[in-house]
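[1] When you get a sec, could you give me coordinates for this:
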Amino acid sequence: MSFSALQGATLISAHCGLTKLIISFTYRTYNFFGPKFLGIEKEQIDKFNENFHVKEFQKAIANESEFAAFLAGPLFYLALAGVEASQGATLAVLGQVSYVWTRTALGYPCIPTIATAILRYAGMALTFVELWKVAFPAKSIK
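    Take a look at the predicted model:
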């Protein structure tokens, strides 16, 4: 399985938006609408906010949103420039998506979470190598 630059940028952007919607919906449901409309007690809201997985998910999507711009932006540009960049795009997507969910499930630092971060860094490095080639093409020697 490999992704083109356009597919990678689209998947990274979509995943970032999806995780933002999930946390916004759950946070607002518990903290704003819960007490008034759903009858959720304050103790339940505090328990929800202190939950390990909720805290890790919040940290993971904050981290994801920081990296999404560094990954999706160059991949969109490479797609417009007609560069495939499939190695960088594939590693970036796999690293970005798996990082959020392994960190949410297992926390940080732990070996699986660090491994997914390394995938993301490798994808970013390969993407920037392709971006560099487009920005600074080698001059032909005559």
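
[2] Touching the least confident helix or strand in the chain by mean pLDDT from outside, list them.
    The helix or strand of the chain with the lowest confidence, counting by mean pLDDT, DSSP states H and E, is helix 42-50 at a mean of 81. Contacting residues not belonging to helix 42-50 are listed as 30-31, 34-35, 54 [CB atoms under 8 Å, 6 or more residues apart in numbering]. Every C-beta, even on glycine, is put in place using the N, C-alpha and C of the backbone.

[3] Let's see which of the residues you listed end up in helices.
    Val54 (DSSP state H).

[4] Mind picking the two most distant members of the contacts of helix 42-50?
    Greatest spatial distance in the contacts of helix 42-50: Pro35 and Val54, 17.3 Å, computed using CB to CB.

[5] what's the closest of the contacts of helix 42-50 to Val83?
    Minimum distance to Val83 across these is 39.3 Å, recorded for Val54 (CB to CB).

[6] Quick check: that closest one vs Ile23, distance?
    8 Å (CB to CB, to the nearest Å).

[7] re earlier: which of Pro35 and Val54 has more residues huddled nearby?
    More crowded of Pro35 and Val54, by other CB atoms under 10 Å: Val54, with 17 against 14.

[8] Give me the neighbour count for the residue lying closest to that one once chain neighbours are set aside.
    Spatial nearest neighbour of Val54, excluding adjacent residues (CB to CB, 6 or more residues apart in numbering): Phe48 at 6.3 Å. Residues lying near Phe48 (other CB under 10 Å) number 16.

[9] Please apply the same query to the one 10 residues further on.
    Here the count is done by other CB under 10 Å, and Gln58 has 15 residues near it.

[10] tell me the contacts of it?
    Ile23.

[11] which residues of the chain fall in helices?
    Assigned by DSSP H, the helices in the chain fall at 5-28, 42-50, 52-80, 86-106, 111-135.
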